[in-house]
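Peer 1: Got a sequence here, can you model it:
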Amino acid sequence: MKPLRPRPGLALLLAELKESLWMATDAIRAHKLRSALTLLGVLIGVFSIIVVMTAMRVLQRNVESELSQLGAHTFQVRKWPAVQFGGPETWEKYWRRKNITEAHGRAVITRATLARHVGLERVFWSGEVSSRFDKSPPNVTLFGATPGGFPTRNWVVAAGRAITDSDVDSARDVVVLAANVARTLFPFGSPLGERVKVDGINYTVVGVLEPKGAALGGEQDNFVIIPLSTGLNRYGRLWASLSILVQAENQETYDDTVEQVRGILRTVRKVEPGAEDDFEIFSNDSLIQQFKNFTFIVRVVVAVVSSIALLAAGVGIMNIMLVSVTERTREIGIRRAVGAKKRNIMTQFILEAIVLCEVGGLLGVALGLAGGNAAAWYLEVSPVIPVDWVILGLVICSLVGIIFGTYPAYKAANLDPIESLRYE
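Peer 2: This is a model prediction of the structure:
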């Protein structure tokens, strides 16, 4: 087979485009300061879009990582919503709800036949934990939990054992350490059987969890777990609203499990038929969706502000291009005199506007990626490149160049060749 060769018409078109591109680039290089000031507006507009979208993508990835600490097919029931919007009236509505008690949790454990695991938990305290070897920073969280909390929270025991039913029934002074706490308090050996002091009270270490790592710049392994009954006896039951964690058997039974648990709680909490739930049910997916909905408003605002900046930049480009047409009137007349067609003149000036916008866009993308990923560096996570927004930003730059470069190009192409040659 003979190799395919471009048709004469296509080859001519490509040659004309190449020539116009070189002429446009030379014109920009000839006026460096003016070109730099012109593309500054495009740079700012693209930078503001990319830096925010990159930072949002970093935050989204890490929020998804942190919220995914629940086990598979797991949802949580709480008195308070995970994310709260609104003023004092909204807060008062949730405050007036009845606490979720042990009795409510036991009812779910007994009656939720579709659930694979049901766990109860509450956060009791945060502070310093110490051993005979060392002490932790004052930010360790103390969880009280039942055995079902371990699979629903995706807590995997690496050494020793988890909290058992007998620990809860007897309110024993035993504790399971997260990996980071275990490393800090017992740097030279196993913590199993050792004693640690939590809020001034001694507990015996019975287990250590596998590490989970960091999320949102924090540490997921910076907590300890005691039996729920032990915590309630120590810190009081009156104001204790518990969290109920439920794991369905599989994804197919997930929705049915949610409805079964909802029905059980509405019954035991005596919610009137037709009234809204006086508790909140949420999962990994629902929390992630809430975060996306919240950040959507921010993205829209940034897009609007950036569009205004790009519009202003486009007007500036049109103004500069009109000045350039006036300055190069004689050049245009010479090109027309030696045979250049109107389309050649239009192509040259439109490409000049596009090149200006694309240079500004590329600089804006580079600075935006660097600025947005500063959040990734601060949070100690891997950097993110939002390819979709990078492509969209560069496409918008091209459109700005085409739209605001068309009129100056049209004006240049329609100059009278004879009058242009006479122009001084």
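
Peer 1: Please make it C-alpha for all contacts and neighbour counts, starting now.
Peer 2: Fine.

Peer 1: Endpoints of stretch 135-145, how far apart?
Peer 2: 23 Å (Cα to Cα, to the nearest Å).

Peer 1: what does that stretch contact?
Peer 2: The contact list for stretch 135-145 (Cα atoms under 8 Å, 6 or more residues apart in numbering) reads 119-130, 163, 181, 184-185, 222-232.

Peer 1: Show me these that map onto helices.
Peer 2: Members of the contacts of stretch 135-145 lying in helices (criterion: DSSP state H): 181, 184-185, 228-232.

Peer 1: Among these, which one lies nearest to Leu192?
Peer 2: Leu192 lies nearest to Leu185 out of the ones in helices among the contacts of stretch 135-145, by Cα to Cα, at 11.6 Å.

Peer 1: so that closest one makes contact with Ser130?
Peer 2: Yes. Using Cα atoms under 8 Å, Leu185 is in contact with Ser130, at 6.5 Å.

Peer 1: got the buried residues for the longest strand seen in the chain?
Peer 2: Of all segments of type strand in the chain, defined using DSSP state E, the longest is strand 115-127. For strand 115-127, burial by neighbour count (16 or more other Cα atoms under 10 Å) applies to 115-126.

Peer 1: For it, what is the distance to the chain centroid?
Peer 2: 27 Å (Cα atoms, centre = their mean, to the nearest Å).

Peer 1: ranges for the strands of the stretch 1-150 of the chain?
Peer 2: Using DSSP state E, counting those that start in this stretch, the strands found in the stretch 1-150 of the chain span residues 74-78, 115-127, 129-130, 140-145.

Peer 1: how close does Arg195 sit to Val175?
Peer 2: 9 Å.

Peer 1: Find residues that contact each of those two.
Peer 2: 203-205.

Peer 1: if you look at those residues, which of them are in strands?
Peer 2: For the shared contacts of Arg195 and Val175, secondary structure assignment (DSSP E) places 203-205 in strands.

Peer 1: of those residues, closest to Leu399?
Peer 2: Closest to Leu399, out of all of these and judged by Cα to Cα, is Val205, at 64.6 Å.

Peer 1: so who does that closest one touch?
Peer 2: 174-177, 191-196.

Peer 1: swap the cut-off to 7 Å and go again
Peer 2: 174-176, 191-195 (Cα atoms under 7 Å, 6 or more residues apart in numbering).

Peer 1: Against Asp169, how distant is it?
Peer 2: For Val205, the distance to Asp169 - Cα to Cα - is 18 Å.

Peer 1: just Arg29 next, same as before
Peer 2: From Arg29 to Asp169 the distance is 81 Å (Cα to Cα).

Peer 1: Can you get me a residue count around Gly274?
Peer 2: 6 (other Cα atoms under 10 Å).

Peer 1: Just want the phi and psi numbers for it.
Peer 2: According to degrees, to the nearest 10, the main-chain angles of Gly274 amount to phi 90, psi -20.

Peer 1: And the pLDDT at it?
Peer 2: pLDDT recorded at Gly274 is 90.

Peer 1: So the residue lying closest to Glu210 once chain neighbours are set aside, which state does it fall into?
Peer 2: Once flanking residues are discounted, Glu210 sits nearest to Ala158: 4.9 Å by Cα to Cα, 6 or more residues apart in numbering. Put simply, Ala158 is strand when judged by DSSP: H, G, I helix; E, B strand; the rest coil.

Peer 1: so how far is Ala145 from Ala158?
Peer 2: Looking at Ala158 against Ala145, where the rule is Cα to Cα, the gap reads 18 Å.

Peer 1: one step back: wouldn't the residue nearest to Glu210 be in contact with Lys212 here?
Peer 2: No. Look at Ala158 against Lys212 with Cα atoms under 7 Å: they stay out of range, at 11.5 Å.

Peer 1: Those two: who's more crowded?
Peer 2: The neighbour count for Ala158 versus Lys212, taken as other Cα under 10 Å, is higher for Lys212 (18 against 14).

Peer 1: give the contact list for that one.
Peer 2: Contacts of Lys212 by Cα under 7 Å, 6+ apart are 220-221.

Peer 1: same thing with Ala337?
Peer 2: Pro417.

Peer 1: distance of it from Val58?
Peer 2: 57 Å.

Peer 1: Ala375 now?
Peer 2: Ala375 is 7 Å from Val58, by Cα to Cα.

Peer 1: can you check Ile308 too?
Peer 2: Distance, Ile308 to Val58, by Cα to Cα: 25 Å.

Peer 1: where does Val208 land in three-state SS?
Peer 2: strand.

Peer 1: beta partners for it?
Peer 2: Beta-bridge pairing of Val208 under DSSP bridges involves Ala159, Leu177.

Peer 1: What about it, how many residues nearby?
Peer 2: 28.

Peer 1: shouldn't it be in contact with Trp155?
Peer 2: No. Val208 lies out of contact with Trp155 (Cα under 7 Å); the separation is 9.8 Å.

Peer 1: Not counting its neighbours along the chain, what's nearest Val129?
Peer 2: Per Cα to Cα, 6+ apart, closest to Val129 is Val198, 5.0 Å.

Peer 1: quick one, phi/psi of that neighbour?
Peer 2: Torsion angles, degrees, to the nearest 10, at Val198: phi -120, psi 120.

Peer 1: Done for today, thanks.
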